[in-house]
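Trainee: fold the following for me, if possible:
(2 chains)
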Amino acid sequence: MGELESDASSVIQLSHSLGSQPFETRGQINVRSLKSGSVNIQQDSSYDWKDYKEAGEANEFYHLEAFVKYNGIERTFLTSTKACLLYESQLADIITIHVDLLGNIYGVSVATPHSQQCTGTVPEFEPNFNTTVLISYMEHGPVPDVAMYVQKVEQEKVAKERGETKDNRSFIAKYWMYIVPLVLVFMMSGASNPEQPSR
Amino acid sequence: MKTSSSSLCIVFIFIQTINGLYEDQIGKFDWRQQYIGKVKHAIFDSTGKKIVVGTEENTLALLHAGTGKIEWRHLLGSSAKSTITSLFLLSNGKVASVSNFPTIVRVFDVSSGILQWETAVAKDIQPVLCKWSVSKRDVISIEINPSRSGYDLRLTEYSATSGTENVSPATELPWFTPGTNCQLVFPHLVCLHPQDDAVNIVDVRNSDTHQRIELQYLGITVGAGQLVTLGVTKNFVSLRTTGTFSLYKVTDEGLQRTGAEWPSETVLVSVPTVKDTEARGQYMAALIKREKNYSVRIYDLETDQVLDDVSGDMKLPDQAGEPDLLSTFLMRKPNGELSYRYAISTTDDSFHYGSKKEVYWTREEALTSIVQVEMVDLPVSSIEASIEEEFGSDQPLSGILGHTIRRLSSQFRQLLIVAQQLVAGQISLVHRDAVGSNSKALERDRFGLHKLILILTRPGKLFAMDTLSGRIVWQRLLKNVNTDKVRLYVQRTSIHYPLEPQCTILTKSSTSNQAVLFVFHPITGEPAQFGSEGYVNLSYNVQQALLLPQNEETEYMKPLLLLDESAAPHVFPPTESAINHVVKMSNNLFMFVADTKSCVLRGYSLAKSRADQLSSAAVWQLQLCSSSDSVEEEIVSIVSRHPEEKVFSQGRVLADRSVLYKYLNPNMVVVATAGTNHPHHRGYLNLYLIDVVSGAVVFSTSHRRVQSPYHVVYAENWIVYSYYNEKYRRTELSSLELFEGQTQSNSTAFSSFSAPQPLVDRQAYIYPAHITAMKDTVSEQGMTAKHILLGLTNGWIQEMPRAFLDPRRPVVAAATPEMREEGIMPYLPELPIPAEAIINYNQTISNIKSIYVTPSSLESTALVFVCGLDIFFTHVTPSRTFDVLNDDFEYGFIALVLIGLTLASFITKRLAGKKSLRQAWK
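Mentor: Now for the predicted structure:
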């Protein structure tokens, strides 16, 4: 759920092309509310299974053009992925609509599930898109957390006054002032000992 | 107890990262040079030994005429718009300066530079015209403002001694029209409208004295469409048309023509400051353009003739531009002869001082407006070059005999070189040279600390500076170019001996919109064998340029890829091997173009390029920013990683011995957009992490109620950015760090088209100072810890360890053993500025604009070049000098100890042998 300042509905016209072919209509995404993220998509692939296979083998791009209309603003976006990745995922793609905090759509991007490698062969499939539409919202930037820090310092102060601080230092860290002289004494006596048997 | 342990931990970490300087290290590897900016006003004082200057950098300074050194210097306000509009020398040894935006009058004592008084002139509306002048006792300002019935003039007098204001009642100017150019020659105001054919003169104290003088009457005939320009020097005004130049003295009666014939080649005139008071106003100096150089002519206005024996020619240094400011001083030598001194500011921003004989000194003030800096390696020394030649691949002789001959001849040559250097005194037997020794040859040293700094400046002047001394090795002024947009590329470094290094500057032609390349040798500054004298005129306008990271195989040149207006790619140099290299790489070549105003970002792929025709196709397009009319939003910064940055560690080892892998996307850039005038939160900053190959937005974040200045640093997998928080009125630093998670998706190659989604850690900190520049340190292999260099408004440069800005610093817990093991400090909202972290110790750098960092061949050391009004160079060692011995290392002592130990072992061996022999006899 996005934290937007203004909500809007939008219609996104999609057209696509493989390689350098001319763009053909793919369908449209209806965004009923950017805020709630309710979307539906109507589309059909105008290309054949073979077209994807050939484009994939020729290492072509799959281009998707999105014409967005919202609040009287019109913007055109372009996004691409490798045709072979799309072919391999059997037309399972993810379309992400990027929205900033003021409610502007600033990008539409297409991607495939990222485990794809562009290597294997895929059995023949029906050329129907299996699309996931995501809306990506901008996040609020971090702010210096002064309140939490002050609270932490105060808690520690209170704990100190009550004398409740638990010493969680390690054994050596706690008693080093006793250990070091002991070790020194042992070393000194150990150093003088070997001379005794030589006499 | 917890706090004390956590603070103990912090103290411990501090001790680890302190990089203070010892007193004896001052000036050892750093230097600073102070500048003042392009001189706009220059006045000789009455003795001629000092020059008061006001500059475009809003600096008022006193220069010593003999040496050109700065006696004192004041930065008058730091607002980018404010400049010194007028500068006057008052009769009582004081200097008055007037700055605008906001308008402030300041009076200083010339000899000491102490401010006497200052007064801010509050203005409700910007006047149509505002002029300043001085009379004997007062600083005078006139303003022309629109009134109900036209325009009126307001005269204000400020007492020169105290600054007391005295406003006269407004008087009407019925003849005034907007667009009129006026000059104040107190008490007269001389006005000329470009379309008018008459000059208007009025006494500002009494508007009834208005006179209108036809240009014809002044002896000027103006052809159709010709413009007359009005200039002023002290109590004279000049009128210039395309073919003529004439000078008039302003009197109560009107304009009185002086100096019968002024050649039309007169570039500048100035009323010289004269030592003896009775001759004041008697002389006039003019700078006249000759075919090659200039000549200075001195006129005696009383007798109306040129003093030929005084006048002389002037030869400015080779790489100086056209003069645009002249100030002169006349003095009488002991033998009674007149002689002059001049101070000239030129269009290349340099400032020259000289006499009839020669130019005594030149200040290179272009160094205050640096556009780009590259530090290039010097060529190998001649000894190493002869070794290179010996083992070079293309040798005619082979076999045992051939090799022997080659070895012998090369060693003979090396011996000769050593002998030559010994004779020339280049090899010093004293260890470690101090900074400032200019004798050192321009050769690469063992640790790559000796480099050449290539500096590209706004007026199109190029400098090469020695890193050891800050000496200018060579300089060159680019000709016939428009340097509003200019970039410098190092196409071939000096590693590829015997091929010469090569650099290229991309800029625009001054006459057309087309791009111009200037190709040159970075070490000598000589133009390379391209085009005409190194200038290559391209027949298209370049919208984006990309220097490929790898060089091609035959000439070891990094090809420069240029994208023209129609997005067609071009390669420079257009050689076959460079084009083949581009075609070979074309499947992985992507470029992107960003329009900062419309916020449209477009990515192109060069995949379908062939050798006979390179082509590009758009693959993605984004449009950032709000389209709303009320909000103004634009791209303020686009930052990519340092192209040669190496990441040593692929992940961070956590306390439980698992690895958190870094998200190292080589194609990601940070785009920051800033909006103003938003109805609710006024200013805001949006930050987008964009993969510029696929066009995917990896992450985006927004800060509200923030203001410029914005600075972004992006290295490895983290981003640090700063902004001013308007709500809390403080500077804040935010830090983002991107991780792939506990597993790495593809360890061998990164593909933007099947990239994982990163996890983003973020944290913000308060910074108790104002930042003007920010940069990360770079090391050769990326092993050394990263520090962030922060240039502050007070002239400090702080070196801040990145660990302080780690977004994983936990807020809640005190230092736990796990954190200590990982090296993470507990969160403190405010970042410290310890005095030891100021790398420029007491060498304040005024008005820091940018910081440049280059790695040296020593992994621990990076070279830092800071520029602003001053320039500063130093070394930083973020992880301390772990790979070199300390400066104070006792070589003698360690040798003594070694010898002693060897001797002792021999002696004891002998003694032990004797003892065992004696025991055997028992």
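Trainee: for chain A, give the helix that spans the most residues.
Mentor: Determined from DSSP state H, the single longest helix within chain A is helix A:171-192.
Trainee: tell me how far B:T303 lies from B:M284.
Mentor: Using CB to CB, to the nearest Å, B:T303 is found at 12 Å from B:M284. Glycine gets a C-beta too; all of them are placed from N, C-alpha and C.
Trainee: those two - which one has more neighbours?
Mentor: Just comparing B:T303 and B:M284: by other CB atoms under 10 Å in any protein chain shown the higher neighbour count belongs to B:M284, 23 against 9.
Trainee: if I look at that one, how far off is B:A385?
Mentor: Counting by CB to CB, the gap from B:M284 to B:A385 is 58 Å.
Trainee: try B:L442
Mentor: B:L442 sits 13 Å away from B:A385, going by CB to CB.
Trainee: any residues in contact with both of these two?
Mentor: In terms of CB atoms under 8 Å, 6 or more residues apart in numbering or on different chains, B:L442 and B:A385 are both contacted by the residues B:P379.
Trainee: work out which residue lies at the spatial centre of chain A.
Mentor: Residue closest to the average C-alpha location in chain A (CA atoms, centre = their mean): A:S136, at 10.1 Å.
Trainee: what's across from it in the sheet?
Mentor: A:H98 (DSSP bridges).
Trainee: and for the one 4 residues further on?
Mentor: When bridges are taken as DSSP bridges, the partners of A:H140 come out as B:S702.
Trainee: which residues touch it?
Mentor: Here A:H140 is in contact with A:3, A:101, B:701-704 (CB under 8 Å, 6+ apart).
Trainee: in a markdown table: those, plus distance to B:I201, neighbour count and pLDDT.
Mentor: Shown next, in a markdown table, are these (distance: CB to CB, whole Å; neighbours: other CB atoms under 10 Å in any protein chain shown; pLDDT from 0 to 100):
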| residue | distance to B:I201 | neighbour count | pLDDT |
| --- | --- | --- | --- |
| A:E3 | 67 | 10 | 66 |
| A:L101 | 60 | 23 | 87 |
| B:T701 | 62 | 21 | 94 |
| B:S702 | 59 | 21 | 93 |
| B:H703 | 57 | 25 | 93 |
| B:R704 | 56 | 20 | 90 |
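Trainee: contact partners for residue 107?
Mentor: Looking at chain A here, since you left the chain open. Listed by CB under 8 Å, 6+ apart, the contact set of A:G107 reads A:77, A:79, A:96-98, B:622-624, B:695, B:697.
Trainee: I was after chain B.
Mentor: Per CB under 8 Å, 6+ apart, neighbours of B:V107: B:90, B:94-97, B:115-118, B:139, B:160, B:163.
Trainee: once you drop chain neighbours, what's closest to it?
Mentor: By the measure of CB to CB, 6 or more residues apart in numbering or on different chains, the closest residue to B:V107 outside its immediate chain neighbours is B:Q116, 4.4 Å from it.
Trainee: since we're on the one you found, how many residues are nearby?
Mentor: 17.
Trainee: quick test: name the residue nearest the centre of chain B.
Mentor: Note on chain B: the residue nearest the mean C-alpha position is B:I370, at 2.4 Å, using CA atoms, centre = their mean.
Trainee: show the average pLDDT along the helix or strand that A:S109 is a member of.
Mentor: A:S109 belongs to strand A:105-111 when elements are defined using DSSP states H and E. Strand A:105-111 shows an average pLDDT of 91 in the prediction.
Trainee: any buried residues in it, and which?
Mentor: Neighbour counts over strand A:105-111 (16 or more other CB atoms under 10 Å in any protein chain shown) mark A:105-111 as buried.
Trainee: hey, where'd the strands end up in chain A?
Mentor: Along chain A, counting by DSSP state E, strands occupy A:10-18, A:24-33, A:38-43, A:61-70, A:73-82, A:92-99, A:105-111, A:130-137, A:139-140.
Trainee: could I have the CA atoms of the second one written out in PDB?
Mentor: Written as PDB, here are the backbone C-alpha positions of strand A:24-33 (Å, rounded to 0.1, in the frame of the first residue of the first chain):
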ATOM      1  CA  GLU A  24       2.200  -3.400 -32.200                       C
ATOM      2  CA  THR A  25      -0.600  -3.000 -29.600                       C
ATOM      3  CA  ARG A  26      -0.200  -5.400 -26.700                       C
ATOM      4  CA  GLY A  27      -3.100  -4.200 -24.500                       C
ATOM      5  CA  GLN A  28      -3.700  -1.900 -21.600                       C
ATOM      6  CA  ILE A  29      -3.400  -1.800 -17.800                       C
ATOM      7  CA  ASN A  30      -6.200  -0.200 -15.900                       C
ATOM      8  CA  VAL A  31      -5.100   1.300 -12.600                       C
ATOM      9  CA  ARG A  32      -8.200   2.000 -10.600                       C
ATOM     10  CA  SER A  33      -6.300   3.500  -7.800                       C
END
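Trainee: for it, which strands pair with it and how are they oriented?
Mentor: Strand A:24-33 pairs in its sheet with strand A:10-18 (antiparallel), strand A:38-43 (antiparallel), by DSSP bridges.
Trainee: give me the average confidence score over the last one.
Mentor: Throughout strand A:38-43, pLDDT has a mean value of 88.
Trainee: again, but for stretch B:490-499
Mentor: Across stretch B:490-499, the average pLDDT comes to 86.
Trainee: cool, stretch B:880-896 as well?
Mentor: Mean per-residue pLDDT for stretch B:880-896: 86.
Trainee: quote the end-to-end distance of it.
Mentor: Chord length of stretch B:880-896, first to last residue, is 27 Å (CA to CA, to the nearest Å).
Trainee: ok, and for that stretch, which residues are buried?
Mentor: Neighbour count says stretch B:880-896 has B:R880 buried, by 16+ other CB under 10 Å.
Trainee: same question, stretch B:73-93
Mentor: Residues of stretch B:73-93 classed as buried: B:73-77, B:82-90 (neighbour count, 16+ other CB under 10 Å).
Trainee: burial of the closest residue to chain A within the stretch 201-350 of chain B, as a residue count?
Mentor: Proximity of the stretch 201-350 of chain B to chain A (CB to the nearest CB) peaks at B:D349, 39.7 Å away. Using other CB under 10 Å, B:D349 has 28 neighbouring residues.
Trainee: pretty sure it contacts B:F463?
Mentor: No - using CB atoms under 8 Å, B:D349 is not in contact with B:F463, being 11.4 Å away.
Trainee: overlap of the contact sets of these two?
Mentor: Here B:D349 and B:F463 share the contacting residues B:364, B:366, B:457, scored by CB under 8 Å, 6+ apart.
Trainee: quickly note the distance from the first one to chain A.
Mentor: B:E364 is 42 Å from chain A, where distance means CB to the nearest CB, to the nearest Å.
Trainee: right, I'll leave it there.
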